[in-house]
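[1] The following block contains a protein sequence and its predicted model.
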Amino acid sequence: MSEQKKDSSIPGYLKNALDYVNGLSSLEESHTYVYCLYHMYDAEPSNQYIKTHISPVVMDLLLAYLQFQTDDLHRDYGFTQLDAVEVLTELYGVEKVEATESYLKSFDLYINWEKWCGSAESVMDISLFYHPLLKNKLNGIVVSSM
C-alpha cells in the first residue's frame, strides 16, 4: 500500500498522534505520569497501575503497538494489562505501583485495540517502540500462559 493511501485512510486525530510520536527522538519526557491499565471485559477486574515518564499520547500508541506485536505472533492470544505491565517494566523502564486513585489517565486495552486496529500497520511501523528483546518476551508470555 502506498504511504499516501495508507495515511489518507487514518482519521485526522489518530494521524496527528502518529505524526507526533513518529517525530519524537525519545520515549520519555521529564514529567512523571501514573496510569491505570484495565480491560473492559475482564471477568474479574484486575486494574494495574504504572508510573512512567512516557506521555499519554505515547503510552496510548505503545500499548497498541504491544497488542499488535502480540497478535502478529499469536493471533488467538488476548494481551492483558498484566502482560503490559510485565513488558513495560522489563523493557521500557516503567515502574509498577500499588493501586491509587491519583492517576492521570486510564487505558482500557479493549478500547485501545479498537481505536487503533484500523491503523495497525502505521502503529507497527513506529521505530521509537522497537526493542530487540520484545518479540522473545511476548513469545515467552504467550507460551507460559498455555
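    That came through fine. Numbering: from 1, shown residues only.
[2] So which residues of the chain form strands?
    28-38, 48-54, 95-97, 105-108 (DSSP state E).
[3] Tell me which of those sits most buried.
    Burial of the strands of the chain is given as mean neighbour count (mean count of other CB atoms under 10 Å); strand 48-54 ranks first at a mean of 20. For every residue, glycine as well, the C-beta is placed using N, CA and C.
[4] pLDDT (mean, whole number) over stretch 84-92?
    Averaging pLDDT along stretch 84-92 gives 98.
[5] Can you pull out the residues in contact with it?
    With CB atoms under 8 Å, 6 or more residues apart in numbering as the test, stretch 84-92 has contacts from 27, 37, 48, 50, 52, 54, 62-63, 66, 94-96, 109, 131, 133-134, 137-138, 141.
[6] Compute the distance between the residue nearest in space to the middle of the chain and residue 146, please.
    For the chain, residue 63 is the residue whose C-alpha lies nearest the centre (CA atoms, centre = their mean; 0.6 Å). Residue 63 is 23 Å from residue 146, where distance means CB to CB, to the nearest Å.
[7] How about residue 125?
    To residue 146, residue 125 is 29 Å away according to CB to CB.
[8] Between these two, tell me which one has more neighbours.
    residue 125 (15 against 7; other CB atoms under 10 Å).
[9] what residues are up against the closest residue to residue 107 other than its chain neighbours?
    Spatially, and ignoring its direct neighbours in sequence, residue 107 is nearest to residue 37 (5.3 Å; CB to CB, 6 or more residues apart in numbering). Contact partners of residue 37, counting by CB under 8 Å, 6+ apart, are 47, 48, 49, 50, 63, 81, 84, 85, 106, 107, 109.
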